[in-house]
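**Student:** Pasted the sequence and its predicted model underneath.
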Amino acid sequence: MPVLELKDIAKQYNKRVWGVQGMSLDVEDKEFIVFLGPSGCGKTTCMRMIAGLEETTRGSIILQGKDITDLPPRDRGISMVFQNYAIWPHMTVYDNIAFALKLKKLPSSEIKSRVEEVADMVKIGTMLSRFPGQMSGGQQQRVALARALAVRPKLFLMDEPLSNLDAKLRVIMRTELKAIHQRTEATSIFVTHDQSEAMSMADRIVIMKDGEIVQVGTPEDVYFRSADIFVAGFIGTPPTNFFYVDVKKENGCTILDHEFFKAELGKEDSDRLSGYEEIVLGVRPEDFILNKEGNGILKSQVLVVEPQGAHQVVALEVEGNIIKTLVPSDHSLRPGDNISFDFDMRHLHFFDKQTEKRIS
Amino acid sequence: MGSIRRGVFRSVRKTTLYIVVAGIAMALIFPMFFLFTFSLMSDYESYSEWPKPLLPRIKVEFRLTPIESVDGSYKMEIWNNSEKGFTPFGPEENTRANKSLRKLSNFIRNYSNCFISEKELSEIMDSVDQNGAETFILKKKVFNNYTRFFTLYSGAAQSVLNSLATAAMTVFLSLSIGGLAGYAFARYIFKGKNVLKLSVLFVRMFPPVAIALPMVIILGKIGLYDKPVGLSLIYSVNQVSLSIWITASVFMGIPESLEEASQVFGASKIGAFFRITLPLAVPGLAACAMYSFIYSWNEVINALILTQFNPTFPVVVYRSLLGANAQVHLIAAGSVAQALPAIIFTLFIRKYILQMWGGVKV
Amino acid sequence: MDNPTGVLSREQKKKIIPYLLIAPVVIYYILFWLLPVVRAISGSFMSAPADEGGVFTFGNYTALFKDPVFYQALFNTAFIVLISVTLEFVLAFGLALLINMKFHGSGMFLFLALIPMSLPAVAVGAMWTSGLSTYGWLNSFLIRIGILNAADKIIFLGGGHFAKMFLIIIVDAWQVIPSVMVILLSGMQALQPEMMEAGYVFGGSRFKVLRKITIPLLKPTITTAMILRIIAAIQIWLIIVMLFGYNRLPVLLEQIVLNVDKYTGSEAFFRKGMALSVVVSLIVSCVSFLYLKVSGAFDEPAGKGV
Ligand SMILES: Nc1ncnc2c1ncn2[C@@H]1O[C@H](COP(=O)(O)OP(=O)(O)OP(=O)(O)O)[C@@H](O)[C@H]1O
Ligand SMILES: [Mg+2]
């Protein structure tokens, strides 16, 4: 049975503005869910509805089999890390963390041990007597984390908890959070803008757009089996390249026909595309395979080269569109060089031209 | 070369700054300082010296000389600072008769704020008999005017209590209902908010005097006329609206997410307010309370209209000021006594006063 | 809150909370502001209390508008308001800029500058009557520091009509500038310094930055300070009475007090005073409205906050 069920929840802020248009989601026990989506897509709104800070306009929220839609926040047994920390400036770090425990009237020895335990977990054990004003942004964020951890919640909400850390600390905290999750096994929902964060942490990723869920799946699902053009374009850096192609039959083979290239499909893919005349082809940058002989499917000229360590991003221009490909760094390429690619035929993505949905 | 010029320029600027600051400070301090000086003056200093002393005297010099023509009688003189000499003081002839001694002692007390007993006077007369004229110095009771003000204007002490009661109730009223509305302004969007926002300005537009008159009748009907409670109801008209503005500004300075966080961690909506928002708002609210207190403590015209036998302290001072034989140094004493809480107030809130007004806008 | 199945849903409850919060204020103002105001207005149209056989009349207003003193008072008030509000604003702004420079001792200076604001009107009255009277401390001071001869004293309070008004303006400014300054200063301190710093970085001079960045950003604060000041300035009177006495320099509020409080017993004067108070509040609201309109306070979008 899922721990948390969202049944078509929606939030309308006013006549014109919807925060969330309608979301249904089941979260399993101990799962680590990541909400991912462009700014303003309703991630924070959804979290706030789950926490009870925002009333739902429609739908219901069920936590451990109990309908909590109309319960005030304090009765939900949920804890949260706020996007802007929301650390109380008039309390010491200790009091901040102990706040919820004191409200629960736990014995003070228990409170003390719990506070110290979580404080050590996020490495602020030595700062318990400080006031938030005397701490850096990153340290405050850890206080927010510790405060949320201390209550041992049924559900743990984190709204971009790492957004204000520097890049290095962020990667470290990412690992630590994952470790903490494995230790505490608290069901968690985590909001982020950062794809690599989402990919590396999530059990399942929920991709949102305009207040709706577009895909729910494991990191592999959303990456290799993107549900539609939006997801394919949103996930991955650089994003997927799209081509409008015609589907033709030649000599019993199915051929993708583009002004600049023709690609012959295998048996399986041909079956998938039977009945389609025009589709959108998606090819991820790393699925372009450099053809050294120069007689690959796609021929063009190098526009820009961006070295990135082991790989380099090579941009080409095809039919007025910029195409980005990922090429191992051992090929030395310069702008203006002629270049030729094959496709990795196993990982091609096909989308319906009208509905923009994946063809499967 | 350039750096020297810059250094000179900088120090010139700094000097100018401090000259300007000092000038303004003088303009602020002098009137208050002189009022204070006046409040310490005796009748004699205040009426018989010109130009008036700019610093209060703490010692007064007297001279007692025998009157040659009449045996056993003496002439009392006092040092006049502006004429730089002794001038006659008190009854023309003073003798050792009990009545005469008492008269002289009283005169010295009333007009120079110095205290000398009849016995001491007669001892001085003894020594004058032996050595001729004798000068002696008495210590002035500097704060005598203050005690005199409160004894002379009967009901002044009671009026202070009335003022305190009125002020306390005004603070309570304006902070409680004004604070609630201020919280609503800061945290909610609701219909009619803009109307209410302007009406807060609007209540200040009708002259308080004009409201006070019908209020005499209204308060009379509910039995609150001439009572501190009734007065505080009127004072709050201005203060509630001000409190709404100020508390709204204070609450807006406290992010709502702090409250929300505490709700998530187990506090109720009301608990969140009392545990998180209120403690953070205390300095601002205290400053706001002080504002109400000071307004109520200072107000005079409504109190004039709405009280009869239970005047507030400002009314007593005001009446003494407009009284027929206004004694300027006594009134000064009353005024300083009245101003003192205001100054202490400023001392306390100066840190918060800016925060308090920070987010206020029309 | 604990009972989701109660009569009102959480959503509905949340909607009514702000109304519950403002209800006491609304009730209070209806009872102790609206009611007396309505009575004052209706009273100004009556010849006597209704239960004493009063009838509806415009007589109080015609009496008022026929009175030459009313026009004098109107002129004097307008003059004083115009000059004093302008003067006070300029000086207060300068003072706020000065204190905002945070020089050594500016905290102490702020404290000093705040004191006049909280002084009781009566104390200020006593201060200036004892200072400006012919044998007051100002003359004493001028003589002692040698600016004046002991023989020739300045008769401050005996000047002509305009001299009196300027004296009032100065004395009023002394007390009122701090309260304007406080509002402006807090507005300045709420601005992010980066805003101005950016102005300097992009080549603005001190004056340019002040005019193009600081003042526009401060506009809401300035509007607040000015509107409060204008409303209060039109209602100036106590200091005038304390310095000169009644009817020496007629102003609107003083005339109200004079009619309703000093000429006690005369129904006609009392009613005239009420009519005048209605006229004054009309003037105050018109001027405030005009000021808010001109300064654009109505154009700002509504949202949270005051
Ligand atoms: N209080 C509010 N009133 C009106 N509209 C709101 C309010 N809060 C959010 N919105 C709108 O709801 C939508 C979703 O906002 P939300 O804060 O959930 O986005 P988000 O996904 O968290 O974005 P970000 O990644 O930038 O934090 C946005 O279009 C936003 O404009
Ligand atoms: Mg967000």
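**Tutor:** Perfect, thanks for sending it. Numbers count the residues shown, from 1 in each chain, chains lettered A, B, ... in the order given. Ligands and ions are numbered 1, 2, ... in the order given.
**Student:** Which part of chain C gets nearest to chain B, residue-wise?
**Tutor:** residue C:277 (3.1 Å; Cβ to the nearest Cβ). Any C-beta I mention is one placed from the backbone N, CA and C, and that applies to glycine too.
**Student:** helix/strand/coil for the closest residue to that residue other than its chain neighbours?
**Tutor:** Excluding the flanking residues, the one nearest residue C:277 by Cβ to Cβ, 6 or more residues apart in numbering or on different chains is residue B:210, at 3.1 Å. Three-state call for residue B:210 (DSSP: H, G, I helix; E, B strand; the rest coil): helix.
**Student:** Am I right that residue B:210 is in contact with residue C:280?
**Tutor:** Yes - between residue B:210 and residue C:280 there is a contact under Cβ atoms under 8 Å: 7.5 Å.
**Student:** Show the contacting residues for residue 271.
**Tutor:** Unless you meant another one, I'm taking chain A. Contact criterion Cβ atoms under 8 Å, 6 or more residues apart in numbering or on different chains gives no residues in contact with residue A:271.
**Student:** looking at chain C here, not the other one
**Tutor:** With Cβ under 8 Å, 6+ apart, residue C:271 has these contacts: C:43, C:44, C:46, C:47, C:48, C:59, C:60.
**Student:** Show me which of these are buried.
**Tutor:** Buried members of these, scored by 16 or more other Cβ atoms under 10 Å in any protein chain shown, are C:43, C:44, C:46, C:47, C:59, C:60.
**Student:** Verify the contact between residue C:223 and residue C:292 for me.
**Tutor:** Yes - look at residue C:223 against residue C:292 with Cβ under 8 Å: they come within range, at 7.1 Å.
**Student:** Let me see the backbone angles for residue A:77.
**Tutor:** Here is the backbone geometry of residue A:77 (degrees, to the nearest 10): phi 70, psi 30.
**Student:** Skip the chain neighbours and tell me the closest residue to it.
**Tutor:** Closest residue in space to residue A:77, ignoring its immediate chain neighbours: residue A:154 at 4.5 Å, by Cβ to Cβ, 6+ apart.
**Student:** where does chain B have low pLDDT?
**Tutor:** Applying pLDDT under 70 to chain B flags the ranges B:1-3, B:6, B:323-326, B:355-362.
**Student:** Chain C too?
**Tutor:** Residues of chain C that meet the cut-off, pLDDT under 70, sit at C:1-11, C:199, C:201-203, C:264-265, C:297-306.
**Student:** and the longest helix for it?
**Tutor:** Looking across chain C with DSSP state H, the single longest helix is helix C:68-100.
**Student:** what's the longest helix seen in chain B packed up against?
**Tutor:** Scanning chain B for the longest helix, with DSSP H as the assignment, gives helix B:2-39. Under the contact criterion of 3 or more Cβ pairs under 8 Å, 6 or more residues apart in numbering or on different chains; DSSP states H and E, helix B:2-39 touches helix B:328-349, helix C:68-100, helix C:106-118, helix C:121-132, helix C:137-144, helix C:161-190.
**Student:** what do residue B:210 and residue C:280 both touch?
**Tutor:** residue C:256.
**Student:** Settle it for me: which of these two has more neighbours?
**Tutor:** residue B:210 (27 against 24; other Cβ atoms under 10 Å in any protein chain shown).
**Student:** How many residues are close by residue C:29?
**Tutor:** Neighbours around residue C:29, by other Cβ under 10 Å: 22.
**Student:** What residues of the helix or strand hosting it count as buried?
**Tutor:** Secondary structure from DSSP states H and E places residue C:29 in helix C:10-29. Neighbour-count burial for helix C:10-29 flags C:10, C:17, C:18, C:21, C:22, C:24, C:25, C:26, C:28, C:29 (criterion: 16+ other Cβ under 10 Å).
**Student:** Over to stretch A:65-83?
**Tutor:** Quick answer for stretch A:65-83 (16+ other Cβ under 10 Å): A:68-74, A:76-83.
**Student:** number of nearby residues for residue A:4?
**Tutor:** 22.
**Student:** do the same with residue C:227
**Tutor:** Count around residue C:227 with other Cβ under 10 Å applied: 20.
**Student:** tell me which element the most centrally placed residue in chain C falls in.
**Tutor:** Nearest to the mean C-alpha position of chain C, counting by Cα atoms, centre = their mean, stands residue C:232 at 1.6 Å. Residue C:232 belongs to helix C:219-234 when assigned by DSSP H and E.
**Student:** That helix vs chain B: in contact?
**Tutor:** Yes - Helix C:219-234 is in contact with chain B by Cβ under 8 Å from any Cβ of the partner chain, via C:220, C:221, C:223, C:224, C:227, C:228, C:231, C:232.
**Student:** Going by neighbour count, which of those residues comes out on top?
**Tutor:** Counting neighbours by other Cβ under 10 Å, the top entry in the residues of helix C:219-234 next to chain B is residue C:221, with 25 neighbours.
**Student:** For residue C:187, see how far away that one is.
**Tutor:** 3 Å (Cβ to Cβ, to the nearest Å).
**Student:** give me phi/psi at the residue nearest to residue A:77?
**Tutor:** phi -70, psi -30.
**Student:** measure it to residue A:4 for me?
**Tutor:** Applying Cβ to Cβ, the value for residue A:154 to residue A:4 is 8 Å.
**Student:** go on, residue C:267?
**Tutor:** Distance from residue C:267 to residue A:4, by Cβ to Cβ: 77 Å.
**Student:** Can you pull the domain assignment for chain B?
**Tutor:** Chain B breaks down by automatic domain parsing into domains covering B:2-39, B:47-142, B:149-356.
**Student:** To residue A:295, which of the ones you listed lies closest?
**Tutor:** domain B:149-356 (60.5 Å; Cβ to Cβ).
**Student:** Return the distance of the closest one from the chain's centre.
**Tutor:** Domain B:149-356 sits 16 Å away from the centroid of its parent chain (Cα atoms, centre = their mean, to the nearest Å).
**Student:** what's the answer for stretch A:126-135, then?
**Tutor:** When C-alpha coordinates are averaged (Cα atoms, centre = their mean), stretch A:126-135 and its chain have centres 32 Å apart.
**Student:** Going by neighbour count, list what's buried in it.
**Tutor:** A:127, A:128, A:131, A:132, A:135.
**Student:** these two touch, right, residue A:158 and residue A:190?
**Tutor:** Yes - counting by Cβ under 8 Å, residue A:190 is a contact partner of residue A:158 at 4.7 Å.
**Student:** Show me the common contact partners of these two, please.
**Tutor:** Contact with both residue A:158 and residue A:190 is made by residues residue A:177, according to Cβ under 8 Å, 6+ apart.
**Student:** Check which strands are paired with the helix or strand encompassing residue A:244 and give the direction for each one.
**Tutor:** Residue A:244 is located in strand A:241-250, with elements delineated by DSSP H and E. Strand pairing for strand A:241-250, using DSSP bridges, gives strand A:253-257 (antiparallel), strand A:278-283 (antiparallel).
**Student:** Find the helix or strand that residue C:135 is a member of.
**Tutor:** Here residue C:135 sits in a region with no helix or strand, counting by DSSP H and E.
**Student:** meant to ask about residue A:222, not that
**Tutor:** Assigned by DSSP H and E, residue A:222 belongs to helix A:219-224.
**Student:** Give me the helices and strands touching that helix, please.
**Tutor:** Helix A:219-224 sits against helix A:195-201, strand A:204-209, with contacts defined as 3+ Cβ pairs under 8 Å, 6+ apart.
**Student:** Please work out which of the ones you listed is packed deepest.
**Tutor:** Of the helices and strands packed on helix A:219-224, the one with the most neighbours on average (mean count of other Cβ atoms under 10 Å in any protein chain shown) is strand A:204-209, at a mean of 23.
**Student:** And that one, how far out from the chain middle?
**Tutor:** Centroid displacement of strand A:204-209 relative to its chain, using Cα atoms, centre = their mean, is 6 Å.
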